[in-house]
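> sequence-free structure coming up:
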């Protein structure tokens, strides 16, 4: 395992126990981060469990800056992430995958940037998710028997509560397709560190007001069914990148 680490994975709900490897504690300006170093498809890969190895960090408590900083320190140039989301757009249903191309930020209290010192930096977010990496993920997903949406607008909320029906109606009006709690500031921080970033979103439920209620049990049930496919897509994507 002497290869340079160029690929990183940030796993969301349901992937904590999948990518096991040699644990490495990375010291960052934002606290310690545990990274698993392993081989996938003949390549050395760094995996971070976004919510912690025991799923102990709520979305608003995730160490987003520490995670991205640690991957950058290891030399990572591309990140494939995964997220669990709710479906807003008509037709998007539980069990579908969405490969988002844009986002709307409705977070409130998170550190959103590495550039919080005196010098001002304005980062271009015309393409929030790497188009090249997105295209590879979309191509690799086509071999699996799962409905995959090739575009989508992800609205990110603060959490950890689920959204209200009124909020979901507002998000639909402003063009959101899916709703979750973790893509911001992750994709922004990756862009600031010049890391190519794309994510695979698993729709685990209809958003509030579109079904009777939302439960964590329901979310995990869908995740267990779809996780093997997400893992396959991640592996296939990594294997195709030179």
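Thanks, I have the structure now. None of the values given here were measured: they were computed from a predicted structure. Numbering: from 1, shown residues only.
> would you list every one of the helices in this structure?
For the chain, the helices defined by DSSP state H cover 64-73, 131-141, 165-173, 183-192, 216-240.
> Using JSON lines, please lay out those helices together with mean neighbour count and distance to residue 58.
Quick note: C-beta positions are derived from backbone N, CA and C, even for glycine. Output for those, formatted as JSON lines (neighbours: other CB atoms under 10 Å; distance: least, CB to CB, whole Å):
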{"stretch": "helix 64-73", "mean neighbour count": "23", "distance to residue 58": "12"}
{"stretch": "helix 131-141", "mean neighbour count": "18", "distance to residue 58": "27"}
{"stretch": "helix 165-173", "mean neighbour count": "15", "distance to residue 58": "18"}
{"stretch": "helix 183-192", "mean neighbour count": "23", "distance to residue 58": "15"}
{"stretch": "helix 216-240", "mean neighbour count": "17", "distance to residue 58": "12"}
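> Next, format these as JSON lines and append distance to residue 157 and mean pLDDT.
Converted to JSON lines, the helices of the chain look like this (distance: least, CB to CB, whole Å; pLDDT from 0 to 100):
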{"stretch": "helix 64-73", "distance to residue 157": "15", "mean pLDDT": "97"}
{"stretch": "helix 131-141", "distance to residue 157": "23", "mean pLDDT": "97"}
{"stretch": "helix 165-173", "distance to residue 157": "7", "mean pLDDT": "96"}
{"stretch": "helix 183-192", "distance to residue 157": "9", "mean pLDDT": "97"}
{"stretch": "helix 216-240", "distance to residue 157": "15", "mean pLDDT": "87"}
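> how about these, which one is nearest residue 209?
helix 165-173 (2.9 Å; CB to CB).
> mind checking how far the closest one is from the chain centre?
22 Å (CA atoms, centre = their mean, to the nearest Å).
> likewise stretch 161-173?
Distance, centroid of stretch 161-173 to centroid of chain: 21 Å (CA atoms, centre = their mean).
> same question, stretch 158-175
19 Å.
> Now do the end-to-end distance for that stretch.
End-to-end distance for stretch 158-175: 18 Å, by CA to CA, to the nearest Å.
> closest to residue 55 out of the helices of the chain?
helix 216-240 (10.0 Å).
> re earlier: export the helices of the chain to JSON lines and append columns for distance to residue 121.
Shown next, in JSON lines, are the helices of the chain (distance: least, CB to CB, whole Å):
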{"stretch": "helix 64-73", "distance to residue 121": "14"}
{"stretch": "helix 131-141", "distance to residue 121": "22"}
{"stretch": "helix 165-173", "distance to residue 121": "29"}
{"stretch": "helix 183-192", "distance to residue 121": "7"}
{"stretch": "helix 216-240", "distance to residue 121": "30"}
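> Of all those, which one is nearest residue 54?
helix 216-240 (14.5 Å).
> tell me the strands in this protein, going along the chain?
7-11, 22-28, 31-40, 43-49, 78-87, 97-98, 102-106, 148-149, 153-157, 178-180, 196-206 (DSSP state E).
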